[in-house]
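> let's see this in three dimensions:
(one chain, ligands or ions: 1)
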Amino acid sequence: MSSKYQIVKGFRDVLPPESALFWSAEKSAREIFACFGYQEILLPVVEYLELFTRSIGDSTDIVEKEMFIIPDQKDRNLALRPEATASAVRAYIEGLAGKGPQKLFYFGPMFRHERPQKGRYRQFWQIGAEAIGYPGPATDAELLKLLEQYFKSFGLSEIELKLNSLGCAKCRPVYRQNLVEYLKASQSKLCQDCKRRLAQNPLRVLDCKHQDCRTIAQTAPSPLEALCPECSEHFDRLRVYLEMCKLSYTLDPHLVRGLDYYTRTVFEFQARTGLGAQNAVAAGGRYDDLISEMGGPATPAIGFALGVERLLILLEEKIPRETLINRPDIFMVAVGDQAYKFAFKLLFDLRRAGLYAEMAVDEPSRSLRSQLKLADKTRSRLAMIVGDDELKSRSLNVKILESGKELKLDNNSLKAMAGVDWEEMKMHLNSAGFAFVSRDYEKMLIENQNLFKVLKIYLDALENQEG
Ligand code: HAM
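Coordinates of the predicted model:
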């Protein structure tokens, strides 16, 4: 349907049921981050512009072309954050420096004014982590294992780790010199931006998207060839750790990343299929000098950020859409005025007990048939059929919708079933050695746990109504 108002170009709504997948990406990240000792940091989406120009680098694409800048009332430029490492570093310096090493994670929207395409938006979400105050390569390996575990938690295996080292302040100038000499030989073929970059920041030529520049980059010298002994040792030890924890990777000697703050280890997790040109699902690296350059104490650090939209594109192919839709545990079908009033109250008792309960609240006059149809349509697990007659005789009809089985429970069976302590029963059967019976029982109990809960709540509601 066409609307008078349209969403801003490059921005997206996350509609249900995909929104469920979005939050399951966060939930899984939270669980895994907790196992690796990361704590959440909540950062603002707006910072002073200089924070980004200074940290990301003023000749990067992000700073040169992609910032959303907002002048404030005092003529100071603010910017919507294009990434969160700069903010995490600022927050660390302002509030956490001197408090020992910090493992931080965040989840939130980032903003880059890029040309929109599949997997590339102007607002996108990142799940990121920063390990601040950890100099050794074991932390690099741990962070990579964390990401591997995260991808595996969704059954994603077609993701390849690309690894490189960019060296440090000591060996980078040597590499820079090698690169400049190489690029000068093909200078005339470089795009206009890269001609300028060659003098300003030659490493940026290696992540230029222009086809001619990409061809030239393919045979450029690698930073690996110029690493100083300390950086070489760091990288070699990282590779030993990765071998130890069986994490496979491919060396990518031209991987430089599009941000200026990196030193030593850099990496990308790239999807082999499904994402087209925007195949980096997660990426990061060390930034051992950034904190001191930003005015904090010299503190080594490493981190990554994962693009949630790109992850979702991969997951949408794997996870059937209908499994994302929350299925009601119980659908209440009310026939008759009396029954409707009773069921409307019962709805909240069931929800208070933690069940997802539904009923056609807006249409009390719907027929039995159409309410049952609705129960089917919403893929409810159980349907509870309450009529004025059932209320009078204090009985109940329950339909187990998956199997189509219908239980007609008179007051005696209802009381008997609702009164059993099923946990206790299971324990007695187990201790009496009824292995076979108890296994069957266990299955039955798990399958029907909610049914027993519902019967109890229904019976309580009947009693309360009378009392
Ligand atoms: P980045 O490579 O710029 O690194 O972004 C990380 C991830 O965010 C990318 O691999 C991609 O999945 C996602 N992403 C980036 N731009 C877009 C976009 N326009 N649309 C959709 N997804 C996008 C950083 O942001 C660094 N802060 C990572 C880091 C943390 N390094 C150290 N610590």
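> next secondary structure after the helix or strand harbouring residue 25?
Here residue 25 is covered by helix 18-35, with elements defined by DSSP states H and E. Reading on from helix 18-35 to the C-terminus, the next helix or strand found by DSSP H and E is strand 39-40.
> so which helix or strand of the chain has the lowest pLDDT on average?
Ranking every helix and strand in the chain by mean pLDDT, DSSP states H and E puts helix 422-431 at the bottom, with a mean of 75.
> of all the residues in that one, which ones are buried?
By neighbour count, and taking 16 or more other C-beta atoms under 10 Å as the criterion, the buried residues in helix 422-431 are residue 429. To be clear about C-beta, it is placed using only N, CA and C from the backbone, and glycine gets the same treatment.
> related to what we said a few turns ago, how about the helix holding residue 25 and the ligand, touching?
No. Counting by C-beta under 6 Å from any ligand atom, the ligand is not contacted by helix 18-35; separation bottoms out at 12.1 Å.
> for the stretch 101-250 of the chain, give the residue positioned nearest to the ligand.
residue 124 (3.3 Å; C-beta to the nearest ligand atom).
> how about the nearest residue to that residue, chain neighbours excluded?
residue 309 (5.2 Å; C-beta to C-beta, 6 or more residues apart in numbering).
> again with residue 385
Closest residue in space to residue 385, ignoring its immediate chain neighbours: residue 397 at 4.1 Å, by C-beta to C-beta, 6+ apart.
> quick one: buried residues of whichever helix or strand the one you found is part of?
Under DSSP H and E, the secondary-structure element containing residue 397 is strand 396-400. Under the neighbour-count criterion of 16+ other C-beta under 10 Å, strand 396-400 has 396, 398-399 buried.
> so which of the residues you listed is the closest to the ligand?
Lowest distance from the ligand to the buried residues of strand 396-400 (C-beta to the nearest ligand atom) belongs to residue 399, with 45.4 Å.
> for residue 350, see how far away the closest one is.
With distances defined as C-beta to C-beta, to the nearest Å, the gap from residue 399 to residue 350 amounts to 16 Å.
> do the same with residue 265
In this structure, residue 265 lies at 53 Å from residue 350, with C-beta to C-beta as the measure.
> check residue 251 too.
Using C-beta to C-beta, residue 251 is found at 57 Å from residue 350.
> likewise for residue 245?
Relative to residue 350, and taking C-beta to C-beta, residue 245 is found at 47 Å.
> of residue 251 and residue 350, who's got more company?
Taking residue 251 and residue 350 together and counting by other C-beta atoms under 10 Å, residue 350 has the greater number of neighbours (25 against 13).
> apart from its chain neighbours, what residue comes closest to that one?
Once its chain neighbours are removed from consideration, residue 350 has its nearest residue in residue 357; the separation is 3.8 Å (C-beta to C-beta, 6+ apart).
> also residue 298?
Spatial nearest neighbour of residue 298, excluding adjacent residues (C-beta to C-beta, 6+ apart): residue 292 at 4.3 Å.
> how about the contacts made by residue 461?
Residues near residue 461 by C-beta atoms under 8 Å, 6 or more residues apart in numbering: 342, 345-346, 349.
> next, residue 386: phi, psi?
Torsion angles at residue 386 (phi, psi; degrees, to the nearest 10) stand at phi -110, psi 120.
> what's near enough to touch it?
Residues in contact with residue 386, defined by C-beta under 8 Å, 6+ apart, are 332-335, 339, 342-343, 346, 396, 458.
> thinking again about what came up before, which strand or helix spans the residue nearest to residue 124?
helix 308-318.
> now check that helix, is it near the ligand?
Yes. For a cut-off given as C-beta under 6 Å from any ligand atom, helix 308-318 has contacts with the ligand, namely 309-310.
> and after that helix, which helix or strand comes next?
strand 330-335.
> and that following strand, which strands flank it?
Using DSSP bridges, the strands paired with strand 330-335 in its sheet are strand 357-359 (parallel), strand 382-387 (parallel).
> can you list contacts of the very next helix or strand once past the last one?
Downstream of strand 382-387, the next assigned helix or strand under DSSP H and E is helix 388-393. Residues from elsewhere that reach helix 388-393 (C-beta under 8 Å, 6+ apart): 335-339, 342, 396-397, 410-411, 462.
> buried only: go through the residues you listed for me.
Among the contacts of helix 388-393, those scoring as buried are 335-336, 338-339, 342, 396, 462 (criterion: 16+ other C-beta under 10 Å).
> farthest-separated two in those residues?
Between any two of the buried ones among the contacts of helix 388-393, the greatest separation by C-beta to C-beta is 16.3 Å, found for 335 and 462.
> tell me which helix or strand residue 161 sits in.
Assignment of secondary structure by DSSP H and E places residue 161 within strand 159-165.
> relative to helix 308-318, how tilted is that strand?
150 degrees (axes from the mean of the first three to the mean of the last three C-alpha atoms, to 10 degrees).
> show me where pLDDT drops low in this protein?
By pLDDT under 70, the weakly predicted segments of the chain are 1-2, 433-446, 466-467.
> which parts of it sit against the ligand?
Contact residues of the chain with respect to the ligand, defined by C-beta under 6 Å from any ligand atom, are listed as 83, 85, 112, 114, 119-121, 124, 126, 128, 130, 258, 280-285, 303-305, 307, 309-310.
> ok, now with 5 Å
By the rule C-beta under 5 Å from any ligand atom, the part of the chain lying against the ligand is 83, 85, 112, 114, 120-121, 124, 280, 283-284, 303, 305, 307, 310.
> from the residues you listed, which land in helices?
When DSSP state H defines the helices, the subset of the residues of the chain next to the ligand inside them is 85, 310.
> and stretch 269-289, how far from the chain's centre?
When C-alpha coordinates are averaged (C-alpha atoms, centre = their mean, to the nearest Å), stretch 269-289 and its chain have centres 15 Å apart.
> got the contact list for the closest residue to residue 251 other than its chain neighbours?
Taking C-beta to C-beta, 6+ apart as the measure, residue 251 lies nearest to residue 163, with 5.9 Å between them; neighbours along the chain are not counted. Contacts were defined as C-beta under 8 Å, 6+ apart; by that measure residue 163 touches 238, 249-252, 255, 265-267.
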